[in-house]
Structure formats: C-alpha cells, structure tokens
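Visitor: Please find the sequence and the predicted model below.
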Amino acid sequence: MSRLAVAGAGAFGTALAVTLARDGRQVTLWARDADHVAEMKSFGYNRRLPGVTLPDGIALTADMADLAGQEAVLLAVPMQALSGVLAAAAPALGRTPLVACCKGIDLASGDGPSAVIGHGCPDALPAVLTGPSFARDIAAGLPTALTLACRDAEAGTALQTLLSTPTLRLYRSTDVTGAELGGALKNVIAIAAGIVIGAGLGESARAALMTRGFAEMQRLARDFDALPETLGGLSGLGDLVLTCTSNQSRNFRYGAALGHSDGFDPSLTVEGVATAQAVAALARDRGIDMPISQAVADVIDGRHTIAEVVDTLLSRPLKEE
C-alpha cells in the first residue's frame, strides 16, 4: 500500500488527502496547529472543508517527524509559508520527492515553489502539482484534471502513477517553470477579473481582461523560456478560466470585494496578493510590459484607485493584437 503525506491541513491539502485515502493510500495529514489536529480527530472532519468526512486511511498529526519515510510528500501550504515549513521539516524529509501544491512567487527570494524546495531541501526531488481545481470538487470526487510538472521525466511518470486516482487525472510535464508561472500569474488576473465584476464593468470587460491578461502571462513565461504549450494547458489557460469565472476562487472574490469597496476576511489566504507585488517587480526588472498585473499591484497597495487604473488601461496607445 502506498504511503503518502500531505503537509498542510487547509481545504486544499485536506481535499487531496481525502481523495488519495479513498483510493486506498495510507495518508498522513500534517497540520502545524496541534489543537486543529485534536479537533479533526474529535469531530472526524476539517472545519476548513465542512461536510467532508475524513476517511479512516488518514492519519492526523502535528509532528513533522511523521513526514519521514513517505513515498512522496505533498506541500499544501501557502506559498509565503513554504520556505519556513521546509526549514523546519528538512530533517524528516531527506530525499523524499516533494510535490508543491501552492501557487505563487516567494516575495523574499522571487523564486517559484520548486526553487524554494531546492534551497530548503537540496537532496529532495522537487515537483509541482497545479491546474484548475477547487478543494470542494476534489473532495466530492468530481472529475478534476491537473498538471504534474517534474524536470526528471522518469520520476514524473512514477509520481503521476502514485498520485492519480479514478477522479483525479494528472497530466505530466517537464516544464516546471511554465507550470509554476501559469499557476502563479493566473491568480493576479483572477483578482483583476474580480475587480471588473465587483466594480460593475460588465462581462465583456471581463472577457477582454482575461484575454489580455493571458497575453501578459505568455510574455513573462517566454522571458523565462517556458514552453507556450504549457501556458496554453491546464496549468495556465485552464486555471485562468476557472479562477476568473467562479466565486469559489478566493482571488476572484478578493478582487470583487475591492471592486465593491467591501472588506475581505483577513484570515483567508489570497495567494495573488503577494504574487501581484512579486510579478510587478519582476516585470520592471526584466523590462516586460504587464500593465494589468501592475494595475492590480497598484490597487492592492493603494497607489491608485480602480477608476484611475481603468482610465490608464483604456487610454494606452492603440496597437495590433
């Protein structure tokens, strides 16, 4: 029987643990908060994923030592927490394949998840799991397809077999950079799409925003030598469509709250907030034109109002598509 661990007991990490355990794996689900672990053991579910019973095949723990000896560890922690978790867990992880399930760019280093893994656990095999998915759909056993990116093709094939289930279909890729950038950048565009809808700018504006936002994603990805087909796949276009059109997306909801001038629950992790800041800095440093991403960063940081950035975007020089 396969032995896996999921580090991070938020909604997404729990959903992955649930679907893998239902398919016969022994899964260790680690949470940093011992009280949270005790609560899950007592009630049989995770309050961050209500209505989903935890299968018997899930072992709950707050002890990082329990991450040792696994066939793979899925890292389902927020992007900005990844380096800290790896630093604490490194003695237990050793050479274990580590699959990052977070999407974003580390603000401190400017690195994506695989590079953060490389710095924190240099002996481990890094991989990335990304694509259009909501925790509730995965936990409910609804059909979901994701990209599993690993530079080592043979190891990626083994992980694909290890982590696929009858309802969780994984497509493998060796373009880790493209997969990471697609997953990170779509969150920024999803915030922009939420702003458009929240501010009452209309569905036509959202469609235009998604299209031009995708062009920005491709520009940055090309500068990092990512493959265009990766951005056009699940980890890029697929995830962009999902997160720009559904209220289940935290990034979209956060943007809609900005557009409405409403508050947003500060306890919820919105990966696109930090990513927008990181992307704007990358674009400036590399001389890449990314006006939508810059506009999102400006609105989040309070440098410009929504009305001001809309006026700026619409008054840009006319050009060929």
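Guide: Looks like it arrived, so ask away.

Visitor: Report how many residues lie close to G238.
Guide: Applying other C-beta atoms under 10 Å, we find 20 residues neighbouring G238. Every residue, glycine included, has its C-beta placed from N, CA and C.

Visitor: Show the contacting residues for T312.
Guide: Applying C-beta atoms under 8 Å, 6 or more residues apart in numbering, one finds that T312 lies in contact with P291, A295, H304.

Visitor: ok, of the residues you listed, which come out buried?
Guide: A295, H304 (16 or more other C-beta atoms under 10 Å).

Visitor: Now stretch 151-167 - C-alpha only, PDB.
Guide: Once non-C-alpha atoms are left out, stretch 151-167 reads as follows in PDB (Å, rounded to 0.1, in the frame of the first residue of the first chain):
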ATOM      1  CA  ARG A 151      12.100  18.000 -14.600                       C
ATOM      2  CA  ASP A 152      13.000  14.400 -14.200                       C
ATOM      3  CA  ALA A 153      10.700  12.700 -16.700                       C
ATOM      4  CA  GLU A 154      11.100   9.200 -15.200                       C
ATOM      5  CA  ALA A 155      10.400  10.400 -11.700                       C
ATOM      6  CA  GLY A 156       7.500  12.400 -13.000                       C
ATOM      7  CA  THR A 157       6.000   9.300 -14.600                       C
ATOM      8  CA  ALA A 158       6.300   7.500 -11.200                       C
ATOM      9  CA  LEU A 159       4.700  10.400  -9.400                       C
ATOM     10  CA  GLN A 160       1.900  10.500 -11.900                       C
ATOM     11  CA  THR A 161       1.000   6.900 -11.300                       C
ATOM     12  CA  LEU A 162       1.400   7.300  -7.500                       C
ATOM     13  CA  LEU A 163      -0.900  10.400  -7.200                       C
ATOM     14  CA  SER A 164      -3.600   9.700  -9.800                       C
ATOM     15  CA  THR A 165      -7.000   8.500  -8.800                       C
ATOM     16  CA  PRO A 166     -10.100   7.500 -10.700                       C
ATOM     17  CA  THR A 167     -11.400  11.100 -10.400                       C
END
